[in-house]
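Engineer: With the sequence up front, the predicted model follows.
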Amino acid sequence: MSTSTSSPSTVRIDAWLWAIRAYKTRSAATAACRAGHVRLNGNPAKASQTVVPGDTIRVRQPGYERILEVRRLIAKRVGAEAASHCFTDHTPERPPMPALGLPQRDRGTGRPTKKERRELERLRGLR
């Protein structure tokens with residue numbers, strides 16, 4: 001593991017979420033906190049709140065919610081393997097996406113005709 005032996009005493013929640021690779025940028029983590037998508041121990045989290053080992057963080061992402069438990073504090077972004085040692089993921093298994101049964105067009109058959117397009121829209125519930 002490439003983290004230093006001395007871990008920081010306090011870390012902001014937005015920096016920790018960025019360091020464990022929950023968000024691509026720290027500003028994206030800060031924006032998620034401002035938007036109310038991050039909860040610390042059940043309460044809405046501000047970006048400047050500090051985390052300690054044992055805290056539970058819920059991160060709402062499109063389509064599901066991740067439940068993370070802080071195991072180790074980390075302030076700098078590290079590799080994915082090293083970052084995975086800093087949290088425990090308690091996210092329940094996502095159910096498989098249901099098959100919609102939409103007809104698939106063969107590759108190379110060109111654009112759908114007007115009739116085919118209307119049938120596809122009807123199946124998708126758009127018309």
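Structural biologist: Looks like it arrived, so ask away.
Engineer: what separates the helix or strand hosting C33 from the chain centre, distance-wise?
Structural biologist: C33 is part of helix 26-34, with elements assigned from DSSP states H and E. Chain-centre distance of helix 26-34: 12 Å, with CA atoms, centre = their mean, to the nearest Å.
Engineer: Any buried residues in that helix, and which?
Structural biologist: By 16 or more other CB atoms under 10 Å, the buried positions in helix 26-34 come out as R26, A29, T30, A32, C33. All C-beta atoms are positioned from the backbone trio N, CA, C, and that covers glycine.
Engineer: Looking at those, which is nearest Q61?
Structural biologist: In terms of CB to CB, no member of these lies closer to Q61 than A32, at 8.6 Å.
Engineer: correct me, but that closest one touches R26?
Structural biologist: No - with contact defined as CB atoms under 8 Å, A32 does not reach R26; the gap is 10.6 Å.
Engineer: And the helices in the protein?
Structural biologist: Assigned helices in the chain, in chain order: 13-19, 26-34, 80-84, 114-124 (criterion: DSSP state H).
Engineer: What is the longest one packed up against?
Structural biologist: It stands for helix 114-124. When contacts are defined as 3 or more CB pairs under 8 Å, 6 or more residues apart in numbering; DSSP states H and E, helix 114-124 sits against none of the other helices and strands.
Engineer: on that earlier part again, who touches the helix holding C33?
Structural biologist: Outside of helix 26-34, the residues that reach it under the criterion CB atoms under 8 Å, 6 or more residues apart in numbering are 13-15, 17-18, 22-23, 38, 45-47, 59-60.
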